[in-house]
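Build me a model:
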Amino acid sequence: MNKLSEILDAKLVPIMSKVSSQRHLSAVRDGLVATIPLTIIGAIFLLVATFPFPQAYVNFMENNPTLTNV
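Next up, the predicted model:
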């Protein structure tokens, strides 16, 4: 396993360091990382909005339209 690790370090590390230093790719990476919190917050709001309420609650809200309007 150490031999494989040494070969990968010798051959891939220089190539990957050059790729990671590309300013275009780092800009895309930084942009995607910046959108992750927004995606998580949006997912939480979607979970809250579509929470599976028990059928008794759904029936109660159907029978009281004034509460539904509020």
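
I would like the residues contacting the helix or strand where T68 lies, please.
Assigned by DSSP states H and E, T68 falls within helix 65-69. With CB atoms under 8 Å, 6 or more residues apart in numbering as the test, helix 65-69 has contacts from 61-62. Bear in mind the C-beta positions are built from the backbone N, C-alpha and C, glycine included.

what is the rounded mean pLDDT of that helix?
Averaged across helix 65-69, pLDDT comes to 77.

Kindly export that helix (C-alpha atoms) in PDB.
Taking C-alpha atoms only, helix 65-69 is exported to PDB below (Å, rounded to 0.1, in the frame of the first residue of the first chain):
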ATOM      1  CA  PRO A  65     -61.600  28.100   6.600                       C
ATOM      2  CA  THR A  66     -61.000  31.200   8.700                       C
ATOM      3  CA  LEU A  67     -57.900  29.600  10.200                       C
ATOM      4  CA  THR A  68     -56.700  28.600   6.800                       C
ATOM      5  CA  ASN A  69     -57.000  32.200   5.500                       C
END
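
Buried residues of that helix, list them for me.
Within helix 65-69, no residue counts as buried by 16 or more other CB atoms under 10 Å.

if I look at the residue lying farthest from the centre of the chain, how far off is P14?
In the chain, the residue that sits farthest from the middle, by CA atoms, centre = their mean, is N63; the gap is 38.1 Å. Here the criterion is CB to CB, to the nearest Å. By it, N63 lies 70 Å from P14.

From V19, how far off is the closest residue to S20 other than its chain neighbours?
Excluding the flanking residues, the one nearest S20 by CB to CB, 6 or more residues apart in numbering is S26, at 7.0 Å. As for S26, its distance to V19 is 10 Å (criterion: CB to CB).

which regions of this protein sit below the pLDDT cut-off?
Applying pLDDT under 70 to the chain flags residues 70.

For it, just list every one of the helices.
2-20, 23-49, 55-63, 65-69 (DSSP state H).

rewinding a little: any idea how far the residue farthest from the centre of the chain lies from R29?
Taking CB to CB, one finds N63 at 53 Å from R29.

repeat for Y57
44 Å.
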